[in-house]
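**Student:** sequence and predicted model, in that order:
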Protein chains: 2
Amino acid sequence: MRTVKEAEERKNEILDAAERLFGTKGYDSTSTNDILDAVGIARGTLYYHFKSKEEILDAMIDRMMGEMTAKARELAARRELPVLQRLTLTITALSAGGEQQHEIMEQIHRPQNALMHQKIQNRLLTDVTPLLAELIEEGNRQGICQTDYPAEVAEMTFLYVNTVFDDLMEYGEAERQRKITAFLCNLERLLRMEAGSMQEAVLPLFGKAR
Amino acid sequence: MRTVKEAEERKNEILDAAERLFGTKGYDSTSTNDILDAVGIARGTLYYHFKSKEEILDAMIDRMMGEMTAKARELAARRELPVLQRLTLTITALSAGGEQQHEIMEQIHRPQNALMHQKIQNRLLTDVTPLLAELIEEGNRQGICQTDYPAEVAEMTFLYVNTVFDDLMEYGEAERQRKITAFLCNLERLLRMEAGSMQEAVLPLFGKAR
DNA sequence: AATATTAAACCGACAGCCGGTCGGTAATAG
DNA sequence: CTATTACCGACCGGCTGTCGGTTTAATATT
């Protein structure tokens, strides 16, 4: 039996299936047939809406990044919180992902998902570090921190968290703790802040953490 | 006509071809047939020496990283040079690669080479940042810089150079210059050095640079 | 209201390539 | 002469992407 839907709706169905499958099996080991079966459509239909498997990935990332940057923008704008907390909150939210994206962001770091990882990281790097930079500038204005290069500090920070911290569970507890305090100390230096001020800003986060 | 060679020799022939092809076309778009033709062997022969395409990639990276870390170790040990110069020298040598590797390290950042890029980066991160960390510690001892977390600073630094600086030519000249000075300034802060001291250490490098 | 038109959505067989296997063959060392 | 090592190439299943044809549904026409 043949069911006809609006293009936009079908596209989203396909992206839903893709997101689920890419998240569990990874991009490479998900075949277009897997997607076909999941959605319940024929081969031609898939390629009527998307012209390649990679285009599906790109569209999926687009959609996902849209949601994530929206979330990030929201967090960054919560003026009732101190800047530092907003900063760390935003960063961790980005690398951990929301509720929906959690699955993907966890599977992303396996070698088979290298392409997906790189695309997402590039996207986050260009779309979201400006947000972080703005938070840092706000910190500058408030006299909390001081740097002439907010954008670059944001890039450096986010990049480090997103690559090294993602494999954090592979280390032992001691090593992990060391990495975290090292990172905070480094961030304090980059932002020319008093030693220990980052710890304070971060501690509230770990109350409800993983 | 059938020519028989020692396993080790054939393996190296295959790795040579693979390195050339992966470097120019990328890993994904290089088929095993391409390698077969380049070496001039049959399908079975390839899979007699390597049990999968990915194993070829891994072996190639192994060989390449061996050469690069050797080079890095050599640079890091040049005691006649000041520590800071050795540090920057080593970092740039790693991301730019040697003479042979130059081709690969340039092609690596295309999206299709994501897997290769990630594998190389992980390898460099684990194998080479300890070298950088040791240089930093030496700087500590000499009183040139001061940090309690040499390893983490090394990781952060190297990671940033290797991801952001690689696409440096995509920016305009002004932006590029800004990125570089920003990076140096940030590094100075991480290492708690006097402002401007990095500039001095780096300037000699740009005399003979790209 | 019934019918013709048209364009969008859909189908599934098929082509071509790819990575990997396997049984057999030639070369070489002992 | 024998055993091992290196090599061959036909073959297989699975994959992505193509294409001509078909159904559906909205719109125009009578």
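**Tutor:** The structure has been received and is ready for your questions. Numbering: from 1, shown residues only, chains lettered A, B, ... in the order given.

**Student:** hey, where'd the helices end up in chain A?
**Tutor:** A:7-25, A:32-39, A:43-49, A:53-76, A:83-96, A:102-107, A:114-127, A:129-142, A:150-163, A:173-190, A:197-207 (DSSP state H).

**Student:** packing partners of the second one?
**Tutor:** Helices and strands in packing contact with helix A:32-39 are listed as helix A:7-25, helix A:43-49; criterion 3 or more CB pairs under 8 Å, 6 or more residues apart in numbering or on different chains; DSSP states H and E. Placement of C-beta: from N, CA and C, glycine included.

**Student:** got TSV for those, with distance to residue B:197 too?
**Tutor:** Below are these laid out as TSV (distance: least, CB to CB, whole Å):
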stretch	distance to residue B:197
helix A:7-25	47
helix A:43-49	57
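
**Student:** which of those sits closest to DNA strand C?
**Tutor:** helix A:43-49 (1.9 Å; CB to the nearest atom of the strand).

**Student:** low-confidence ranges, chain A, go.
**Tutor:** For chain A, the stretches flagged by pLDDT under 70 are A:1, A:96-100, A:204-210.

**Student:** any idea which of the helices and strands packed on helix A:32-39 is most buried?
**Tutor:** By mean neighbour count, with neighbours taken as mean count of other CB atoms under 10 Å in any protein chain shown, helix A:7-25 ranks first of those at a mean of 17.

**Student:** neighbouring contacts of that helix?
**Tutor:** For helix A:7-25, contacts defined as CB atoms under 8 Å, 6 or more residues apart in numbering or on different chains pick out A:5, A:30, A:34-35, A:38-39, A:41, A:45-46, A:49-50, A:56-57, A:59-60, A:63-64, A:103-104, A:107, A:113, A:116.

**Student:** buried members of these into ChimeraX, please.
**Tutor:** The ChimeraX selection below is limited to those of the contacts of helix A:7-25 classed as buried (16 or more other CB atoms under 10 Å in any protein chain shown):
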select /A:30,35,38,39,41,46,49,50,56,57,59,60,63,64,104,107,113,116
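
**Student:** got the residues of chain A near chain B?
**Tutor:** By CB under 8 Å from any CB of the partner chain, the part of chain A that sits against chain B consists of A:111, A:114-115, A:117-119, A:148-149, A:151-153, A:155-156, A:159-160, A:163-164, A:178-179, A:182-183, A:185-186, A:189-190, A:192.

**Student:** pull out the buried positions in stretch A:105-113.
**Tutor:** Using 16+ other CB under 10 Å as the test for burial, stretch A:105-113 gives A:105, A:107, A:108, A:112, A:113.

**Student:** ok, of those residues, which one's closest to DNA strand D?
**Tutor:** Distances from DNA strand D to these, taken as CB to the nearest atom of the strand, are shortest for residue A:112 (12.8 Å).

**Student:** before we move on, the earlier item: hmm, which two among the buried residues of stretch A:105-113 are most spread apart?
**Tutor:** Using CB to CB, the pair of the buried residues of stretch A:105-113 lying farthest apart is A:105 and A:112, separated by 15.2 Å.

**Student:** which positions in chain A make contact with DNA strand D?
**Tutor:** Neighbours of DNA strand D within chain A, by CB under 7 Å from any atom of the strand: A:1-2, A:4, A:30-33, A:43-44, A:47, A:51-54.

**Student:** again, only this time at 6 Å
**Tutor:** Taking CB under 6 Å from any atom of the strand as the contact definition, chain A meets DNA strand D at A:2, A:4, A:31, A:32, A:33, A:43, A:44, A:47, A:51, A:52, A:53.

**Student:** what residues does the second one make contact with?
**Tutor:** Residue A:4 is in contact with no residue at all, counting by CB under 8 Å, 6+ apart.

**Student:** what's it sitting at in phi/psi?
**Tutor:** Backbone torsions of residue A:4, given as degrees, to the nearest 10, read phi -110, psi 130.
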